[in-house]
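Colleague: 3D, please:
(2 chains)
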Amino acid sequence: MTQLENAIKGTVTPEMDTVAAREGVAPEVIRQGVAEGIIVIPRNIRRQNIVPTGIGTGLRTKVSASIGVYGHKGSIDIETAKIKAAVEAGTDAIMDLSVSGDIDAMRKESLSATSTPLGTLPMYQAVAEAAQKYGSSVKLEVEQLFEVIERQAADGIDFLALHAGTTMAIVEQAKKEGRVDPLVSYGGSHLIGWMLYNKQENPLFEHYDRVLEIARKYDVTISIADGMRPGCLADSLDGAQVQELVVIGELVRRAREAGVQIMVKGPGHVPLNQLKATVTLQKSLCKGAPYFVFGPIVTDIAAGYDHISAAIGGAITAWAGAEFICYVTASEHIGLPDIDQVREGVVASRIAAHAADIAKGLPGAADWDLELSRARKELDWDKQIELSVDPKRADYMRKTRSDDTVKGCAMCGKYCAMDVVSKYLGTSKVTC
Amino acid sequence: MTQLLAARAGKITPEMERVAAGENVDVELIRQGIASGKIVIPRNINRKEFNFCGIGEGLRIKVNALIGTSSNVDDLAMEERKLAFVEDAGCDAMMDLSTGGDIDGMRRLCLEKANIAVGCVPVYQAAIEAIEKRGAIVAMTADDMFAAVEKQAADGVDFMAIHSALNFDVIRRLQATGRVTDVVSRGGSFLTAWMLHNNRENPLYEQFDRLLEILKKYDVTLSLGDAIRPGSTADSLDAAQLQGLIVAGELVTRAQAAGVQVMVEGPGHVPMHHVEATMLLQKRLCNQAPYFILGTLATDVAPGYDHITSAIGGAIAGAAGADFLCYVTPAEHLGLPTEQDVKEGVMAARIAAHAADLARGNKRAWDRDLQMAKARVALDMEKQISLSLDPEKVKAALGAEDGQHHCAACGPEGECAAQVAARYFGIA
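Modeller: Next up, the predicted model:
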């Protein structure tokens, strides 16, 4: 029985208990959220050594990091090291988006390298295997696609990204409308090409009940991927994106009716003034299903710094109601991330998530800030570092940008504002 | 005659012409903006020819970098490298906040080498020299403060952060309500200590007309320093901050009446849901004067990444009406930034400013993003490099790319499905 089916029946599962304890809320709140479909707990019944994590309304905003073998330079060892770095940096979930090499072996490594929920995108492997087997990804057979989905589910993958809403009508809409960048999503592009070449409707849409059956069997959480996510600001909230969201809303309803947990994946490139509307639309059309957003990045021109652009968009989007942020690394648009960029990407997303939790008024979120600010006021460096979002980096920077000759820091040197003023205000043990 | 007085007299100055051309707007719009106090052009009449800019309503959001020596690190050569660097990195203005070593020398170096607007905080120099001459900051005299202002103005400084909006009403409010981090502005802390020690009102407030006279003489733009900005999200929009903003509003009116260009400095640590209200209050209380924002930092917990917390807050603030963003580097709260930190800080602030410009519907900003999107679709590497915020970084990463379609799954032979789709859309 899936978490959703249990919740509807009124059963509080051990997973719900764990999530409730981690979030500091009553298990009944979690059960109710899962029952309504506004909270998901991605946890495949076959998954080993996982710490159950809840994603959804009223919970701490979660962060996901994507890794994966891509091209001949990629290796399982390097990608496994990235998983470990992402987990150490505090990610709540991992997606293994391998598109080449020994994808099965990589997935098994990923499953054992982290105790967070793990997601994959089966279309990648299906495409790669079709290319190997028949020399071309357009020759992919529908049976083979479902075989890959089942294989990944049976391995214990907790959430599967599937482009089930990208229908032929939407592809035609995108062409009619003259999207600037109609092919953004790697999986979506291959799927669309397959549909066009074979003149067939999207099999994930056409055989959606079959998708649901597999998902229900293993309690895999479906993450509906969007083939029409905007790849540039100009395409944001265009007809194709909105039309796909309408279809996705329908898929959400069907999944819930089948007892399958589901969340919705989204943007992309979105101008800052459209972020809130984007979330409002998703929440309305998808009846409160958790929103898993990539970035969003708020400008097209920040290549090399897209983790910063994404932190801006992610913070505002999560504040507006998105519950799950997929990180963007500094190498987005210009290459593959190295370990440092993975780490930095995770921290940038965590900052965005936390800023949103404060703005949303999530109980307890602001306490962390208050504690650190008090330590700052008291110039308690050990405590400041310990409470930092990334203690290792804070410690390193403190050591390399200041020295021990001052109580404050080298920014103000001996003229530390807090130090100067405290004795007159009589407010402190002292200082910044 | 200051830009403000000229504008009010209906006169269009060469500065207004150039700002209008640079922003691609009608020069009359600039003149009206300056006349009403919504736009400033920081440009000291004694400053050499340089690339000045307009700051305020309807204009591209500008970015400011901070450099300068401290009592711990007074490496003039490093600061000189930072100076060249912030300009290359696309800053519109910079402030020299030196408090160590040869303060006069550093300032003159900035004014000489920089080709952008230069700002200073005269009370820093007055305070540091008071320690040398009189043994303590609190022994500084009012004349010391005004002498520093006059000296720096005569040198050609284009805008000055001066903490006039701090008076005993503000301090009493602070004492009455209590704060987590009290006063985090360095200039504000010097003056607070001075006022409490001497039990005297802030001379920069009390003798505000004297200050205005000096600024008017050189057409220095007054940047009202925010002595009481929140140093933690818990202190944001508290009574002390608002009291300071009310005082700032009064001073803005007086400065504008005297023909002195004025903008207002602000937060600090501000949770995201406070940002819009903060911008609205400032614009309302300060007669729509340009708002010069530090950050804003969306959370307190990210030392080492405060360029990112600031990019989040700065983008929202810019979209809500802030006109001028002061960068924050990753070294904030931890130490004096290195050159690399400065670079990260500038880039983060520029991203925030640009994101806000897009949100405000700035046509040039939208056009640049659209060109970038088209270059990406066309796999045009050269254009992607030239259109990006940091072309060198992108060039280093993309340089090896050949502009051909490669698919990691499909390999070089056989039909790639993504290519079929690309042909359908006419972008293969």
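
Colleague: which regions of the stretch 201-350 of chain A sit below the pLDDT cut-off?
Modeller: For the stretch 201-350 of chain A, not a single residue meets the criterion pLDDT under 70.

Colleague: which parts of it sit against chain B?
Modeller: The stretch 201-350 of chain A comes close to chain B at residues A:231-235, A:269, A:271-273, A:298-305, A:307-309, A:311-312, A:315-316, A:319, A:331, A:333-335, A:347-348, as judged by Cβ under 8 Å from any Cβ of the partner chain. C-beta coordinates here come from the backbone N, C-alpha and C atoms, glycine included.

Colleague: So which of these belong to helices?
Modeller: Using DSSP state H to define helices, the subset of these located there is A:His307, A:Ile308, A:Ser309, A:Ala311, A:Ile312, A:Ala315, A:Ile316, A:Trp319, A:Val347, A:Ala348.

Colleague: Please identify, among these, the one with the most neighbours.
Modeller: A:Ala311 (38 neighbours; other Cβ atoms under 10 Å in any protein chain shown).

Colleague: Could you report the distance from that one to A:Trp319?
Modeller: 12 Å (Cβ to Cβ, to the nearest Å).

Colleague: How about A:Glu129?
Modeller: The value you get for A:Glu129 to A:Trp319, if Cβ to Cβ is used, is 41 Å.

Colleague: And B:His274, by the same measure?
Modeller: B:His274 sits 12 Å away from A:Trp319, going by Cβ to Cβ.

Colleague: again, but for B:Val346
Modeller: 26 Å.

Colleague: so where is the stretch 201-350 of chain B shaky, pLDDT-wise?
Modeller: For the stretch 201-350 of chain B, no stretch has pLDDT under 70.

Colleague: Can you report phi and psi for the residue in it that chain A sits nearest to?
Modeller: Closest residue of the stretch 201-350 of chain B to chain A, Cβ to the nearest Cβ: B:Gly335 (2.6 Å). Here is the backbone geometry of B:Gly335 (degrees, to the nearest 10): phi 170, psi -170.

Colleague: Likewise for B:Ala349?
Modeller: Reported as degrees, to the nearest 10, the phi and psi values for B:Ala349 are phi -70, psi -40.

Colleague: The one 4 residues further on too?
Modeller: Reported as degrees, to the nearest 10, the phi and psi values for B:Ala353 are phi -60, psi -40.

Colleague: Count the residues that sit near it.
Modeller: 28.

Colleague: Return the residues in contact with B:Ala148.
Modeller: The contact partners of B:Ala148, by Cβ atoms under 8 Å, 6 or more residues apart in numbering or on different chains, come to B:Pro122, B:Val123, B:Gln125, B:Ala126, B:Glu129.

Colleague: Which member of those is positioned nearest B:Ile228?
Modeller: Nearest to B:Ile228 among the contacts of B:Ala148: B:Val123, at 15.0 Å, using Cβ to Cβ.

Colleague: Can you tell me the element that closest one falls in?
Modeller: Per DSSP states H and E, B:Val123 falls inside helix B:122-134.

Colleague: check contacts around residue 1.
Modeller: By default, I'm working from chain A. Here A:Met1 is in contact with A:Lys9, A:Asp219, A:Gly259 (Cβ under 8 Å, 6+ apart).

Colleague: my bad, chain B
Modeller: Contacts of B:Met1 by Cβ under 8 Å, 6+ apart are B:Ala9, B:Lys11, B:Asp219, B:Gly259.

Colleague: so what's it scoring on pLDDT?
Modeller: Here, the pLDDT recorded for B:Met1 equals 90.

Colleague: swap in A:Gly408?
Modeller: For A:Gly408, pLDDT reads 67.

Colleague: what do you get for the one 5 residues further on?
Modeller: Each residue has a pLDDT score; the one for A:Gly413 is 69.

Colleague: give me the number of residues near whichever residue of the stretch 201-350 of chain A sits closest to chain B?
Modeller: Per Cβ to the nearest Cβ, A:Cys232 is where the stretch 201-350 of chain A lies closest to chain B, at 3.2 Å. Neighbourhood size, A:Cys232 [other Cβ under 10 Å]: 23.

Colleague: how about it, what does it touch?
Modeller: Per Cβ under 8 Å, 6+ apart, neighbours of A:Cys232: A:Val180, A:Asp181, A:His269, A:Asp300, B:Asp369, B:Leu370, B:Met372, B:Ala373, B:Arg376.

Colleague: residue ranges of the helices in the stretch 1-150 of chain A, please?
Modeller: A:3-9, A:14-23, A:27-36, A:76-88, A:103-113, A:122-134, A:142-154 (DSSP state H, counting those that start in this stretch).
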